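Engineer: heads up, no residue letters with this:
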């Protein structure tokens, strides 16, 4: 989604940038770079794994009424004893 919006709006950015002087453009690029770094630091501080890590198991149950086929598919979010 980001790539689609970015590719769609990039030609407009080039035309819009010419309205500002060099000093404003450099300040805006630096501000956006610092903002990106701050957001990266905020998400770096979050815990990657929660208390349910390695305890999630997804089960898909499908029913095919025409041939009475009832498969069950098991998948784990990470490696669990059921995956061996």
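Structural biologist: Nice, I can see it. Please read all numbers here as calculations on a predicted model, not as lab measurements.
Engineer: what's in contact with the longest helix belonging to the chain?
Structural biologist: Ordering each helix of the chain by length in residues (DSSP state H) puts helix 22-45 first. Helix 22-45 is contacted by residues 17, 20 when judged by CB atoms under 8 Å, 6 or more residues apart in numbering. To be clear about C-beta, it is placed using only N, CA and C from the backbone, and glycine gets the same treatment.
Engineer: Okay, buried residues for it please.
Structural biologist: Neighbour-count burial for helix 22-45, counted by 16 or more other CB atoms under 10 Å, picks out no residue.
Engineer: on contacts alone, who are the packing partners of the helix or strand just after that helix?
Structural biologist: Using DSSP states H and E, the helix or strand that directly follows helix 22-45 along the chain is strand 57-61. For strand 57-61, the packing partners by 3 or more CB pairs under 8 Å, 6 or more residues apart in numbering; DSSP states H and E come out as strand 72-76.
Engineer: What's the mean pLDDT across the strand it packs on?
Structural biologist: The average pLDDT within strand 72-76 is 66.
Engineer: Roughly how far does residue 2 sit from residue 38?
Structural biologist: 19 Å (CB to CB, to the nearest Å).
Engineer: try residue 16
Structural biologist: 25 Å.
Engineer: cool, and residue 17?
Structural biologist: Counting by CB to CB, the gap from residue 17 to residue 38 is 23 Å.
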